[in-house]
Each structure stands twice: as structure tokens, then as C-alpha cells.
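Chemist: Need a 3D model of the sequence below.
(one chain, ligands or ions: 1)
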Amino acid sequence: MSKDVLVIGGAGMLRKACLEYAQQRNRVFVIARRKSKKLALLKRESMSFSACIFAMESDYNDYSAFLETLVSIPPSLHLVISWIHSSSALSHLQIIQTLRPQHYFRLLGSSDLEHLKRSLRESFCCPLTQTYQIVLGHIKEKTEQRWLTHDEISYGVINAVKKRSSLSIIGSIDQIPKP
Ligand SMILES: NC(=O)c1ccc[n+]([C@@H]2O[C@H](COP(=O)([O-])OP(=O)(O)OC[C@H]3O[C@@H](n4cnc5c(N)ncnc54)[C@H](OP(=O)(O)O)[C@@H]3O)[C@@H](O)[C@H]2O)c1
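Modeler: Down below sits the predicted model:
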């Protein structure tokens, strides 16, 4: 059955995840900050298999304009995947309260463990929404470590959404955060 999915920051490293959800015949809403070649390309690619991607430009740091964008999206979505920088934490609350999604997955970079611990303790106070955290780690290769590729991030997110654990880590991080 077709479901509604919203991906914040979907024109970058989550591009493949957006395409995958669209290919599964879901309606996918993608928010990026501005009109860009990446966003146009995403829309074009989805059209090649007649999928539904609705690309929207809106800055989540501009709360009132962002709210206008959110209210144009059908509420009670099935899934939201959110790549929002830690300095804009209030946007998560804004999305959850406006759209009341069933499942809300928040992506976090591995660079700020203190922020990770705090965000694991945070309650979004919305009984209708189940919230989850996905941490982007790194890949260890012999003596070196590297960042995740965009494909590793996208497919890692898709797997994390399938598993629905409260905390998923893509790749590895040196310390597992505790709430
Ligand atoms: N641990 C890790 O492995 C790890 C962790 C974090 C990041 N990274 C790497 O860092 C690279 C860069 O990351 P990135 O943050 O630039 O991610 P990205 O996914 O490449 O791009 C960010 C996405 O979020 C959107 N966005 C950014 N600020 C926004 C705002 N204020 N309002 C609405 N949308 C906004 C962008 O839209 P626009 O295109 O319109 O700006 C774009 O769609 C990635 O390539 C990733 O591989 C790695």
C-alpha cells in the first residue's frame, strides 16, 4: 500500500533513499534548502520510473516559512527521515507537532557525543509519534578510517527504518552513547 514519506535534506546523501521509497510507489516529499541541480536531478530521476517525488525548497532555520511548507504536506504521514543539523533542534519538534507522523527517524553525525546523549534523553511529547535516532559513524579500513559514502548512508537508513530500533548506528563509532 502506498504511504507518505517525508525526507528533510533528501537532495544530498539521502538521495538514493528517496528514490528507493519512491520506487516502492510511496509518495515522497523531499525538502531541501533551495532549488538546486541536485534537487532537479532527483525529480527527473524519479520521473523516469513514474514515481511520485514532491521536491520542496524551504529552510528549516526560518521557522515561519518552514511551517508554511509543512502545512502544505498531508498530515499523519507514515514516515519522516530528518537530516537536520544539531543547531536547529527545534525544527524536529515543529515537524512532529505539525505533521504527527507515525515514525520519526532523526539522523545525527558522530562528531558530538554530548549532543547525542542529550538527544537520546529528549522526549518529543507526541504520543502519536514513535521517534528513533540514526547515528552516522565511520568505516574502519585496515589502519585507517573513512566517512560513510552517500550510498552507505542511504541504504543504512533504509535498513534502520526496517528494523525500527530506537538507536541505530551506520558503520561504527568509538563509543556507544547512553541515554
Ligand atoms: N559520519 C559520517 O559519515 C558523516 C556525518 C555527517 C556528514 N557526512 C558527510 O558530510 C557530507 C556533507 O553533509 P551535508 O550536511 O552537506 O549533507 P548532504 O546530505 O550532502 O546535504 C544536505 C541536505 O540537507 C539540505 N539542507 C541543509 N541545510 C538545510 C536547511 N537549513 N533547510 C533545509 N534543508 C537543508 C540540503 O539542501 P541544499 O542542497 O538546498 O543545501 C541538502 O539537501 C555528506 O556528503 C556526508 O557524506 C558524513
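Chemist: Apart from its chain neighbours, what residue comes closest to the residue in the chain that the ligand sits nearest to?
Modeler: In the chain, the residue found nearest to the ligand is Gly12; the distance is 2.2 Å by C-beta to the nearest ligand atom. Every C-beta, even on glycine, is put in place using the N, C-alpha and C of the backbone. Distances taken as C-beta to C-beta, 6 or more residues apart in numbering place Lys38 nearest to Gly12, at 6.6 Å, with adjacent residues excluded.
Chemist: these two touch, right, the one you found and Arg15?
Modeler: Yes: Lys38 is in contact with Arg15 according to C-beta atoms under 8 Å; the separation is 7.2 Å.
Chemist: Tell me which of the two has more neighbours.
Modeler: Arg15 (22 against 15; other C-beta atoms under 10 Å).
Chemist: State the pLDDT value of the residue lying farthest from the centre of the chain.
Modeler: In the chain, the residue that sits farthest from the middle, by C-alpha atoms, centre = their mean, is Thr143; the gap is 30.9 Å. For Thr143, the pLDDT comes out at 81.
Chemist: could you list every residue that touches it?
Modeler: Taking C-beta atoms under 8 Å, 6 or more residues apart in numbering as the contact definition, Thr143 lies against nothing.
Chemist: tell me the secondary structure for the residue nearest to Gly12?
Modeler: helix (DSSP: H, G, I helix; E, B strand; the rest coil).
Chemist: list the contacts for it?
Modeler: Ala11, Gly12, Arg15, Ala32.
Chemist: Quick check, the second one in contact with His150.
Modeler: Yep, that's Gly12 we're talking about. Yes: between Gly12 and His150 there is a contact under C-beta under 8 Å: 7.3 Å.
Chemist: pull the CA atoms of stretch 89-102 into CSV?
Modeler: Extracted in CSV, the C-alpha atoms of stretch 89-102 (Å, rounded to 0.1, in the frame of the first residue of the first chain):
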residue,chain,number,x,y,z
ALA,A,89,17.0,21.0,17.1
LEU,A,90,13.7,22.9,17.4
SER,A,91,12.8,22.1,13.8
HIS,A,92,12.2,18.4,14.9
LEU,A,93,9.5,19.5,17.3
GLN,A,94,8.0,21.7,14.7
ILE,A,95,7.8,18.8,12.2
ILE,A,96,6.4,16.3,14.7
GLN,A,97,3.8,18.7,16.1
THR,A,98,2.6,19.8,12.7
LEU,A,99,2.6,16.5,10.8
ARG,A,100,2.1,13.9,13.6
PRO,A,101,4.0,11.2,11.7
GLN,A,102,3.8,7.6,12.9
